[in-house]
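Trainee: Please find the sequence and the predicted model below.
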Amino acid sequence: MASDPGDAGRPVAVRARGWGWRHATRTAWALAGVDLDVAPGERVLLLGPSGSGKSTLLAGLAGLLDGGPDGTGEQAGELLLDGVPAREARTRAVAAGTARTGLVLQDPLAQTVLARCGDDVAFGLENHAVPPDRIWPRVDAALRAVAFPYARDRPTARLSGGERQRLALAGALALRPGLLLLDEPTAMLDPEGAALLREQVVAVLAATGATCVLVEHRVAPWIALVDRVVVLAPGGGVIADGAPDDVLAARGAQLAAQGVWVPGCPALSPPRPAAGRSAGPSLLCARGVAVRRPGPPAPAVRDVDVDVHGGRITCVVGPNGSGKSSLALALGGLVTPAAGELVAGPALARGLGPQPARWRPRELVTRIGTVFQDPQHQFVARTCADELAVGPRRAGLADAQVRERVADLLDRLRLAPLARANPFTLSGGEQRRLSVATALATRPRLLVLDEPTFGQDARTWAELVRLLAGLRDEGTGIVAVTHDEALVDALADDVLRLRAGRPDVDAVPAAGRAR
Amino acid sequence: MIRPGAPGPPDPPAAGAAPPGRGAIARTNPVAKLLVSLLISLVLLLTVDVVTAAAALALECLALPWCGLGARALARRAGALLVAGGSAGLVAALVGVDGGAQLAAVGPVTVTQGSLLSGLAVVARILAIGLPGVVLVATTDPTDLADGLGQVLRLPATPVLAALAALRLFGVLAQEWQDLAHARRARGLGGGGPVGRVRDVLGQVFALLVIAVRRGTVLAMAMESRGFGAAARRTWARPSRLRPGDLALLAGGAAVALTATAAGVAAGTWRLLLG
């Protein structure tokens, strides 16, 4: 728009020289010695193992890191947007009424600011002191640019994760940034939501010509979109920089070993399932089960029939909102079904009544282990070792036995070096391993996992697949709620497809192997 | 009924920015409602006497039909208020300072005209203070209130908006609380005696705080990346100002406060608390 300050939307050039950042609370530098030039309009995919400071670099580019005397850390070197230090560029842009950078983060729930969609997009414009009469046309344009399907007054509380991410993208776009910063924007979305968001990002970049710096673990879906791949080393420095194909050809194996989802890399091929196994005893039998969640009057899921056997893996799949997680709560004995019958077989109940939701917590943990989507929900202790000891202690094991199990699990899941660390300080992959380990500590016959591979890097993914296959071979029954088709391909013996709260009868019958 | 998270047709546009409920008072500027609530509370906090409180309560009830709340909605929202007021009044009637004729007695507990009156005063006062607050909360959208606080009262925008964003985060945390309860049962926690239960709840509260801090940090980043807190000046997308109807409500509120106090003084029951 001609009346806007001249900088609006002009693609930004990025220049980093020996740049580094140390958070005030840490002694180690989050990253150091970064040299990087990004030309205006270039689209860069930033790769590197978790902990290599990718998110910190994005925060720095967004001008959110304050290395000053009252700041949150210490800065080294320089980080320039069009020749201006990033933090100053932000301040100047806010004063001029238009942002230089727009940032979209990973967690959909945490980055919605206001209660109505239109207000949420308008929030940035208000902060940039855009005159009120010009705010709403720009809000509408931004919502149109991401093909937002709802009116401005749609409550944000009613959006799905993917819709929230598109709203966040619109909120950034409304400010006409010359540099779009995307920090794993699709990591927490289901495949359909992720694909939609990617389409919007592609369309937006084509329309604006903005520079883009993107952080993502899953490379394949984005590779066609980017001009360049930059690989950060753990602790700092750029170790590879170039055209996507060249970098992946030269560094693919190394990146895969660090957990990056490199297309076509052999590390991802799943282990072969044990051949010729017969199903174990029936653990859980659901007939016409419905589960109701607090709030909506209609059940989140209904009419579910499923049989869970020892030594078999049942995958429950379906898009977000299909009721998968609600079903997992019922199968895990955490909520009582609103209708239907859910009966634990004698092999699982071991002397208790047939309804898992009636079992006492200490009885439940030795029979069914549930691993939640967000590991942090399940952490209750100060150290990883204590965390693993909670379940066995509740189950009434003697101290010596508890210590033995803890030590065994720490070794098996490569957590021994972290035994004394606080669970909340671990990386995402470490937290996932720990949460699975806590469920295994009480040796349940049935393991229920809700999106176990959600947001995980390739290495943790492969470890989980191996671990679950091993448990299956030992006779544990496993139910995995997931929208990760690769996980289903690798492990599923039975597949239950849900859609809109019911079994999807039109779906292709489970690709399960014969018993 | 559209499930949360499910794609659905666009919502029909709401009538202006009006919160749920109809009525002249419901539609006034939230700041006017807030000021009236504060004024009436202040006047009633000055004194504990049955005449002032009852007069205020009676006048408030006269205004109720314009508050945009149906009888059922009002009863649901005011339920806690009625329970609190009723029980406090009962206690005052039973153990309050006796005076006048004795009306009933069970052992040492006596109900006299004096203690009954003070009980009634307590009930009327709690209801008269609480009712405007109930109407305010039930008919006000927090975003509109923040707009009013920033533009009409010209409070500093940063804390007002930070509080508003925190309020939205609370909605998310309510769901997290549910998830935490399930997650902790899955870890084998809960089901102990009363002492264990208290410990479990405390642990769950702590876990919720950790999650709140984590989400709050991300939210702060998202807000800052959109220029929050960086500029001395900001604009407001939704203009909020006092209109004639809001001034009428303020005048009405002042009239209620004055009339109630005058009634109390005239009856000779008005007495300055802690005066």
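Mentor: Everything's here; your move.
Trainee: List the contacts of the helix or strand hosting A:Leu434.
Mentor: Using DSSP states H and E, A:Leu434 falls within helix A:428-440. By CB atoms under 8 Å, 6 or more residues apart in numbering or on different chains, the residues outside helix A:428-440 that reach it are A:50, A:259, A:369-372, A:375-376, A:378-379, A:384, A:387-388, A:390-391, A:409-410, A:412-415, A:418, A:423, A:426, A:447, A:449, A:452, A:455-457, A:459-460, A:463-464, A:467, A:471, B:186-187. Yep, even glycine has a C-beta here, placed from its N, CA and C like the rest.
Trainee: ChimeraX command for the buried members of these?
Mentor: Applying 16 or more other CB atoms under 10 Å in any protein chain shown to the contacts of helix A:428-440, the buried members can be selected in ChimeraX as follows:
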select /A:50,259,369,370,371,372,375,376,378,379,384,387,388,390,391,409,410,413,415,418,423,426,447,449,452,455,456,457,459,460,463,464,467,471 /B:186,187
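Trainee: Now, the contacts of helix A:428-440 that are in helices?
Mentor: Under the assignment DSSP state H, the contacts of helix A:428-440 contribute A:384, A:387-388, A:390-391, A:409-410, A:412, A:459-460, A:463-464, A:467, A:471, B:186 to helices.
Trainee: May I see the buried residues of the longest helix anywhere in chain A?
Mentor: The longest helix of chain A (DSSP H) is helix A:191-208. Neighbour counts using 16+ other CB under 10 Å place A:Gly193, A:Ala194, A:Leu196, A:Leu197, A:Arg198, A:Gln200, A:Val201, A:Val204, A:Leu205, A:Thr208 of helix A:191-208 among the buried residues.
Trainee: what helices or strands is it leaning on?
Mentor: The contact analysis (3 or more CB pairs under 8 Å, 6 or more residues apart in numbering or on different chains; DSSP states H and E) places helix A:191-208 against helix A:132-145, helix A:161-173, strand A:179-183.
Trainee: now it against helix A:132-145, angle please.
Mentor: 120 degrees (axes from the mean of the first three to the mean of the last three CA atoms, to 10 degrees).
Trainee: just for the chain, where's the confidence low?
Mentor: Chain wasn't specified; assuming chain A. Where chain A drops to pLDDT under 70, the residues are A:1-8, A:50-51, A:264-277, A:506-515.
Trainee: Actually, chain B is the one I wanted.
Mentor: Ranges of chain B meeting pLDDT under 70: B:1-22, B:274-275.
Trainee: what's the neighbour count on B:Ala254?
Mentor: Per other CB atoms under 10 Å in any protein chain shown, the neighbour tally for B:Ala254 reads 15.
Trainee: ok, now B:Leu90?
Mentor: Counted with other CB under 10 Å, B:Leu90 comes out at 14.
Trainee: Check B:Gly70 too.
Mentor: B:Gly70: 11 neighbours (other CB under 10 Å).
Trainee: now swap in A:Arg443 and tell me
Mentor: So A:Arg443, with other CB under 10 Å, has 16 neighbours.
Trainee: Check for me that it belongs to a helix.
Mentor: No - under DSSP: H, G, I helix; E, B strand; the rest coil, A:Arg443 falls outside any helix and is assigned coil.
Trainee: Grab the nearest non-local neighbour of it.
Mentor: Distances taken as CB to CB, 6 or more residues apart in numbering or on different chains put A:Thr366 closest to A:Arg443, at 6.9 Å, once the chain neighbours are dropped.
Trainee: which residues touch that neighbour?
Mentor: So A:Thr366 contacts A:Ala395, A:Thr442, A:Arg443, A:Pro444 (CB under 8 Å, 6+ apart).
Trainee: Check the gap between A:Phe424 and B:Gly188 for me.
Mentor: 20 Å (CB to CB, to the nearest Å).
Trainee: Which of those two has more residues huddled nearby?
Mentor: Comparing A:Phe424 with B:Gly188 by other CB under 10 Å, the one with more neighbours is B:Gly188, at 25 against 15.
Trainee: Do I have it right that that one meets A:Arg362?
Mentor: Yes - B:Gly188 is within contact range of A:Arg362, at 5.2 Å (criterion: CB atoms under 8 Å).
Trainee: Now the common contact residues for those two.
Mentor: Taking CB under 8 Å, 6+ apart as the criterion, B:Gly188 and A:Arg362 both touch A:Arg394, A:Ala395.
Trainee: Look up the closest residue to the residue minimising distance to the centre of chain A, ignoring the ones flanking it.
Mentor: The residue lying closest to the centre of chain A (CA atoms, centre = their mean) is A:Gly455, at 2.9 Å. Leaving out its chain neighbours, the residue that sits closest to A:Gly455 by CB to CB, 6+ apart is A:Ala187, at 4.4 Å.
Trainee: The one you found contacts A:Leu214, correct?
Mentor: No - between A:Ala187 and A:Leu214 there is no contact under CB under 8 Å: 11.7 Å.
Trainee: mind checking the backbone torsions on the residue nearest to A:Arg443?
Mentor: Main-chain dihedrals, A:Thr366, degrees, to the nearest 10: phi -90, psi 0.
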